[in-house]
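J.: Model the structure of this input:
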Amino acid sequence: MTDRAQQLLREALTLSVQQRADIAAELLASLDETPATDREAIEAAWAHEIERRARRVMAGESDGEPWEDVRARVARRLAER
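T.: As a prediction, the model looks like this:
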């Protein structure tokens with residue numbers, strides 16, 4: 001860690017719990033930022049996948065699953081963790 005980073009950390013540690021939590025949340029969120037070009041590629045891939053699934057449903061190749069079944073399955077998996 002650089003001297004500047006250590007200085008910032010020391011200063012941050014003097015803040016209230018809520019202020020430190022706010023800063024921590026902002027720092028963590030900054031790690032998840034996706035460049036615009038990646039974001040566009042991700043959105044295009046999702047659009048393609050949605051279109052593919054919609055075509056399968058409209059062609060009668062897929063009936064999908066009732067929301068209640070999906071929700072119950074996800075709840076069971078979360079409970080197992």
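
J.: contacts for the biggest helix by length in the chain?
T.: The residue-count maximum for a helix in the chain (DSSP state H) belongs to helix 36-58. With contact meaning Cβ atoms under 8 Å, 6 or more residues apart in numbering, helix 36-58 is reached by 34, 62-64. All C-beta atoms are positioned from the backbone trio N, CA, C, and that covers glycine.

J.: what about that helix, distance to the chain center?
T.: Chain-centre distance of helix 36-58: 17 Å, with Cα atoms, centre = their mean, to the nearest Å.

J.: avg pLDDT for that helix?
T.: Averaging pLDDT along helix 36-58 gives 90.

J.: after that helix, next one along is what?
T.: Note on helix 36-58: by DSSP states H and E, the next helix or strand toward the C-terminus is helix 67-80.

J.: Restrict that following helix to CA atoms and write it as CSV.
T.: Extracted C-alpha coordinates of helix 67-80, given in CSV (Å, rounded to 0.1, in the frame of the first residue of the first chain):
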residue,chain,number,x,y,z
TRP,A,67,-43.0,-18.7,-11.9
GLU,A,68,-44.1,-20.5,-8.7
ASP,A,69,-41.9,-23.5,-9.5
VAL,A,70,-38.9,-21.4,-10.3
ARG,A,71,-39.3,-19.3,-7.2
ALA,A,72,-39.6,-22.5,-5.0
ARG,A,73,-36.5,-24.0,-6.6
VAL,A,74,-34.5,-20.9,-6.0
ALA,A,75,-35.8,-20.6,-2.4
ARG,A,76,-34.7,-24.2,-1.8
ARG,A,77,-31.2,-23.6,-3.2
LEU,A,78,-30.8,-20.5,-1.1
ALA,A,79,-31.9,-22.3,2.0
GLU,A,80,-29.3,-25.0,1.4
